[in-house]
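K.L.:
Please find the sequence and the predicted model below.
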Amino acid sequence: MKLTANTVTILRILLLPLPCALFAHDNTLHKWIAFLVLVGLGCTDFVDGWLARAQGPTRLGALLDPVADKIFTASIVLLYMAQNMPHPALGVLILGREFMIVGLRGGLLARGHELPVSAAGKLKTVFQMGGFGTIFLTVFAPPPWSALIPLALALCFLYRKKTRGDAVPRRSWRMPVALALAVVALFNAVLTPPLSATLQAVVIVLFTWHSGVDYLRTSTRLVSDRLGASDCLRGAWAVTYAVGVAPWVAAAPNASLPLIGAVGAALTLGGVTNAALAADRRSAVLPFLSISTLSGCLFCIGAGAALLSGFHAAFLPLAGWLLCAVNIIAFLPSAVLLARTFRQMQSTG
C-alpha cells in the first residue's frame, strides 16, 4: 500500500488518544513517555508536508492537514489546562482562534471560496508545537536541563543546512525559531518555572492570533456580503466549545480525557463538514453542526448547575463522555459525505 500524505495525517489523528491518556495520569514517567510520543506525532506534520510536495497536493489534504493540526493543538492545550500550566485563560485564547478558523473556512466554502493556508499559519504551527514542547521542559525537566536542552536546539536550528522544497522558506523561520529557543533557555535559567511557562504561553498566543488576524483579512477580501444564519451557527459552535466547554477542564481535571475527546470530535466534525462543502457547497452539513452546538450548550448549562450544587466533580466526566458520544454520532453520517468527497478529490487531485 502506497503511503500518502493524507494517510499520515489521518494516522496522526487516530494515534493522538494514546499519549493523551498517558499524560492524564499523575505519573511523571507516563508524562515523559506521552511527551516523546507527542513529539513524534508532531514530526509527522513535516512528513506529510514532504509527501504532499513529492506526490502532489490534493484538495482533501489541504483541508485535512489544518484540521489535524488543530486537533493536535487542542488536545495539548486541554491537557495543559488540566495541569494549570499555564493559566487556563491563555488556553482558551488559543482554542478560540482554532475554532474560529474552522468556522471561517466553512463559511467561505459554503460561498464557493477557499481559505488557503498562509505562511503565517504555517509559522504559527511551528511555534505552537515547539512552544508546547518547551513549556513541558520548563515544568518537568530539572535544572539545568530545562535551560540546556532549548539552548542546544537553538544551535541546531542555526547550523542546519538549507534544503529545497520547504513549505516555509528556511530563511523565514530558522532564525526566529532559534532566537525563540534561546530566549526560552534564558527564561528557564533566571525565572521560576511557572513564570517562564506563562511568558512562553503568551508568546504562543500572540503568534496564534497574528495568523488568525491574517486569515480574517484574507476572508474579508474574498467575501463582501453580510453574515447569514449559517455564519451565526458556526460562530456559536466555535464559542460554545472554545469558551464554554474547554474551561471546565481546569475546574475538574478528572474530566480532561472526555472533554479532550469532545472538543477533538467537534473539531473533526467541523473539518469533515468543510471537506464535504469543498466537494459540493450545497451539502447539508448544518444539521450536524446544529446538533454539536446544541449539545455543547446543554453541557455548559448542566456543568454550571452542577457547580452551583457542588456535584461538578462527579458530573463533568460523565457529561463529557456523553458530549463526546453525541459529537461522534453527529460525525458518522457526515463521514458518508467525507467518503464521497474523498473519491471526488482523488479523481481530481
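P.N.:
Nice, I can see it. Residues are numbered from 1 along each chain as shown.

K.L.:
alpha carbons only for contacts and neighbour counts from here, please
P.N.:
Will do.

K.L.:
Name the nearest residue to residue 317, sequence neighbours excluded.
P.N.:
residue 255 (4.3 Å; C-alpha to C-alpha, 6 or more residues apart in numbering).

K.L.:
Same question for residue 210.
P.N.:
Using C-alpha to C-alpha, 6+ apart, the nearest residue to residue 210 is residue 120, at 7.6 Å.

K.L.:
how about the helix or strand containing the one you found: buried residues?
P.N.:
Using DSSP states H and E, the element containing residue 120 is helix 119-140. Residues 119-139 are the ones in helix 119-140 that count as buried (16 or more other C-alpha atoms under 10 Å).

K.L.:
so what's residue 223 closest to, chain neighbours aside?
P.N.:
Nearest to residue 223 is residue 108, by C-alpha to C-alpha, 6+ apart, at 7.6 Å.

K.L.:
Next, count neighbours for the one you found.
P.N.:
By the criterion of other C-alpha atoms under 10 Å, residue 108 has 21 neighbours.

K.L.:
now swap in residue 227 and tell me
P.N.:
Residue 227: 10 neighbours (other C-alpha under 10 Å).

K.L.:
which SS state does it fall under?
P.N.:
In three-state terms, and counting by DSSP: H, G, I helix; E, B strand; the rest coil, residue 227 is coil.

K.L.:
measure it to residue 233 for me?
P.N.:
10 Å (C-alpha to C-alpha, to the nearest Å).

K.L.:
One more: residue 40?
P.N.:
Separation of residue 40 from residue 233 (C-alpha to C-alpha) stands at 36 Å.

K.L.:
which one of those two has more residues nearby?
P.N.:
The neighbour comparison of residue 40 against residue 233 (other C-alpha under 10 Å) goes to residue 233, with 16 against 12.

K.L.:
And the host helix or strand of the more buried one, how far out from the chain middle?
P.N.:
Element membership of residue 233, judged by DSSP H and E, is helix 229-239. In this view, helix 229-239 has its centroid 19 Å away from the chain centroid, taken as C-alpha atoms, centre = their mean, to the nearest Å.

K.L.:
buried set for that helix?
P.N.:
230, 231, 233, 234, 235, 236, 237, 238, 239.

K.L.:
can I get those in TSV with pLDDT?
P.N.:
TSV is the format used below for the buried residues of helix 229-239 (pLDDT from 0 to 100):
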residue	pLDDT
230	88
231	88
233	92
234	92
235	93
236	95
237	95
238	94
239	95
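
K.L.:
Name the pair among the residues you listed with the greatest separation in space.
P.N.:
Spanning the widest gap among those are 230 and 239, at 14.3 Å by C-alpha to C-alpha.

K.L.:
Can you show me the helices along this structure?
P.N.:
All helices of the chain, identified by DSSP state H, fall at 5-15, 17-23, 28-55, 59-82, 88-110, 119-140, 145-159, 170-190, 193-222, 229-239, 248-251, 256-279, 286-309, 312-348.
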